[in-house]
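**Student:** need coordinates for the following:
(one chain, ligands or ions: 1)
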Amino acid sequence: MHLFHLISKSAVTTCLIVLTLFSLRAQARQNKEINRRILVLFNTEQGGTYKLALAIASGIEKMEGTKAVLKQVPRIKPLQNEKNMAFSGIPYASIEDLTAYDGIAFGSPVHFGNMSADMRSFLDQSVAIWTARKLEGIPATVFMSAGSGAGREAAVLSFWNTLALHGMIIVPTGIMGNTPFGVVSIAGAAGAQRPSPGELHLAQLQGYALARVVKGCAPLHDASPSVQPAKNDIETRLKDLGITLPEAPAPVGSYKTYKRTGNLILINQIALKAGHIEHPGMIDKEVTTEQARQATRQTLLNILAVLKDAAGGDLNKVKQAVQLTGYFYTPAGYSQHAALMNEASDLLVAIFGEKGLHTRATVGASSLPMNSAVEIQAIFELE
Ligand SMILES: Cc1cc2nc3c(=O)[nH]c(=O)nc-3n(C[C@H](O)[C@H](O)[C@H](O)COP(=O)(O)O)c2cc1C
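**Tutor:** A predicted model of the protein is given here:
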């Protein structure tokens, strides 16, 4: 009896431990699975937009691993009977909420073919977020609630302007009934349930469409700095591209490494690297195409090192690249100069963006200084 009691007690303890472990594992799995959060940010007076917001949220959560969080934009004027409304328990957002989610669904009543004043006033507080480019690449969608429906498509499209200025990825509904831009329920039709079951269904699909884009974009948010959008700062850009500029080569005669005339900087360089020529010789004879490319790259890096000196150590002062002329030590009849020169042109554009675009000439030469395979003349303009 005593033994039986001991056995059953230990069996119960084992069961409890196993159950606890199971529940902890299930909880951990659940926590791990929620890896995207989407804000459903709405404004409403009579509750129509709120009902759509609920449908949008349920569509969002149909995507595994995605949670919808509902918030209201703060009101300019308090709503008289808000505490009796179904949406009274939904918290008000702060402007920082805009940057805390992987995607945002914006919902507003249609007011004179536009978003409501409450929504407008809230978004007008996002200037600092805009200039810091914090919403760039974040997916967003717009849903609205109208009375008669007058101006409803114009209202969604005008809402899009603000999202586009923020650089958000705008998710439309496409060909699924209602408007192709975003669901707009029509509250004004007499005697009907509003939003209608059809509108709620479309809102659900819209929420899911947003969640799908958010899921696709997630790796972008986690991307390493090297694949993030180009920064304005040239030093950061060089770092992102893994480029360290060499020491500017010193002149070896009575000439200067650069000459400034007005705001123009003129520079000539060959493929010198640490006092030696990188891959010297005739292209297609002693030098392979790949080696010629490396020599071209080295020549351009030398030019940039000199340019940095000319710009007082700050490459951000470069207003634009004006012209490159590439000379290649090639045999008679060689015709691939342009392909080799692309190495220099592409690198310049990768570093300076549009400012790096230039005019260009490429020439074959029967010999070049120090047996270099490449020489480049460059003209830049400083601010
Ligand atoms: C100032 C104001 C302007 C409005 N302008 C329009 C409009 O241009 N087009 C329209 O269809 N409904 C318009 N409406 C009606 C609202 O869009 C409609 O009542 C909507 O359902 C309100 O959304 P809610 O239920 O979320 O409060 C307007 C309402 C107000 C108060």
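**Student:** send me stretch 46-65 as CSV with only the CA atoms.
**Tutor:** Below are the C-alpha coordinates for stretch 46-65, written out as CSV (Å, rounded to 0.1, in the frame of the first residue of the first chain):
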residue,chain,number,x,y,z
GLN,A,46,-19.5,56.5,-35.8
GLY,A,47,-17.6,53.3,-35.7
GLY,A,48,-17.7,52.3,-39.5
THR,A,49,-13.9,52.6,-39.9
TYR,A,50,-13.4,50.7,-36.6
LYS,A,51,-15.4,47.7,-37.9
LEU,A,52,-13.3,47.7,-41.1
ALA,A,53,-10.2,48.0,-38.9
LEU,A,54,-11.3,44.8,-37.1
ALA,A,55,-11.7,43.0,-40.4
ILE,A,56,-8.3,44.3,-41.6
ALA,A,57,-6.7,43.0,-38.4
SER,A,58,-8.3,39.6,-38.7
GLY,A,59,-7.0,39.4,-42.3
ILE,A,60,-3.5,40.3,-41.1
GLU,A,61,-3.5,37.6,-38.5
LYS,A,62,-4.4,35.0,-41.1
MET,A,63,-0.7,35.2,-42.0
GLU,A,64,1.2,33.0,-39.7
GLY,A,65,3.7,34.8,-37.4
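**Student:** off-centre distance for that stretch?
**Tutor:** Relative to its chain's centre, stretch 46-65 lies at 26 Å (C-alpha atoms, centre = their mean, to the nearest Å).
**Student:** same question for stretch 329-336.
**Tutor:** In this view, stretch 329-336 has its centroid 43 Å away from the chain centroid, taken as C-alpha atoms, centre = their mean.
**Student:** contacts for it next, please.
**Tutor:** When contacts are taken as C-beta atoms under 8 Å, 6 or more residues apart in numbering, the neighbours of stretch 329-336 outside the stretch itself are 281-285, 287, 289, 328, 337, 364-368, 371-374. Just so you know, the C-beta spots here come from the backbone N, C-alpha and C atoms, and that holds for glycine as well.
**Student:** now do stretch 72-89
**Tutor:** Around stretch 72-89, the neighbours that count as contacts under C-beta under 8 Å, 6+ apart are 41-45, 47, 50, 90-93, 117-119, 121-122.
**Student:** report the rounded mean pLDDT for that stretch.
**Tutor:** The average pLDDT for stretch 72-89 rounds to 94.
**Student:** please state the offset of the top strand by length along the chain from the chain centre?
**Tutor:** Under DSSP state E, the strand in the chain containing the largest number of residues is strand 318-329. Counting by C-alpha atoms, centre = their mean, strand 318-329 is centred 30 Å from the centre of its parent chain.
**Student:** strand partners (parallel or antiparallel) of it?
**Tutor:** When pairing is defined by DSSP bridges, strand 318-329 lines up against strand 359-365 (parallel), strand 374-382 (antiparallel).
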